[in-house]
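S.K.: Following is a predicted model, sequence given first.
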Amino acid sequence: MEKTYMLEIAGTTRHLPIIPITEKLSIASFVILGDTELVTAVAPLLAAKLPEVDVVITAEAKGIPLIHEVSRVLKMKKYYVARKSTKPYMQTPLINEVESITTQKKQVLCLDGADASEIAGKRVAIIDDVISTGKSLQAIEDLVIQAGGIVVARAAILAEGEAAERSDIVFLQELPLFSHEIE
Ligand SMILES: O=P(O)(O)OC[C@H]1O[C@H](OP(=O)(O)OP(=O)(O)O)[C@H](O)[C@@H]1O
């Protein structure tokens, strides 16, 4: 039988499949893409933890449904998304490298130059579904700084593993990592 981790959050319950990502480590796979019920339940709780901010930003892909709902709750007309590839329609994009606990290889993270100019001088909250190693968060933060924005909040639904010990992020719940012996 598939091993799962039961996550109870904001009145919803999800059985997350436990997936090996290395010989020694497994993660509970938390995929909010398509999960309208969970996203609408957690977004107001996360929004309530934010200080006053002017703009919110995330990285594609799983942060997008969350930031959409958070921006709606905050009555913002717009939110910003750092993409994982450049597109022909971007104007002089700012580009960083990024890796995360799940990708384990270098990817790029890009911010459209038009979005970067709008972020300049603004108080920015970085929003993501999960913060684990913090590398994705850092890559977004670097882009915001390059754009001239001021990061005033770093927020996620879940803080995974050691991220739960960070005092510079806000989150709703911890998510454990699962270490295992090589069989
Ligand atoms: O703190 P970190 O170790 O960087 O891990 C957290 C990041 O990893 C996941 O994204 P993923 O890389 O799986 O990309 P996706 O959203 O495009 O699926 C998650 O959505 C965070 O953005």
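M.R.: That came in fine, so what should we check first?

S.K.: Could you name the helices and strands sitting against the one helix or strand in the chain whose mean pLDDT sits lowest?
M.R.: Lowest on mean pLDDT, DSSP states H and E among the helices and strands of the chain sits strand 94-98, with a mean of 92. On a contact count with 3 or more Cβ pairs under 8 Å, 6 or more residues apart in numbering; DSSP states H and E, strand 94-98 meets strand 107-111, helix 135-147. C-beta here means a position set from N, CA and C on the backbone, and glycine is covered the same way.

S.K.: Nearest to Arg123, out of the ones you listed?
M.R.: Each of the helices and strands packed on strand 94-98 has some distance to Arg123 by Cβ to Cβ; the shortest is helix 135-147, at 10.4 Å.

S.K.: The closest one vs strand 107-111, what angle?
M.R.: 40 degrees (axes from the mean of the first three to the mean of the last three Cα atoms, to 10 degrees).

S.K.: near the ligand at all, the least confident helix or strand of the chain?
M.R.: No. Using Cβ under 6 Å from any ligand atom, we find that strand 94-98 stays clear of the ligand, coming within 7.4 Å at best.

S.K.: Run me through the strand neighbours of that strand, direction for each.
M.R.: Using DSSP bridges, strand 94-98 pairs in its sheet with strand 107-111 (antiparallel).

S.K.: Following element in sequence after the partner strand, please.
M.R.: Downstream of strand 107-111, the first helix or strand assigned by DSSP states H and E is helix 113-119.

S.K.: As CSV, could you dump the C-alpha coordinates of that next one?
M.R.: Below are the C-alpha coordinates for helix 113-119, written out as CSV (Å, rounded to 0.1, in the frame of the first residue of the first chain):
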residue,chain,number,x,y,z
GLY,A,113,11.3,43.6,-17.1
ALA,A,114,7.9,45.3,-17.2
ASP,A,115,6.9,43.6,-13.9
ALA,A,116,10.4,44.5,-12.5
SER,A,117,9.8,48.2,-13.1
GLU,A,118,6.4,48.0,-11.3
ILE,A,119,8.0,46.3,-8.3
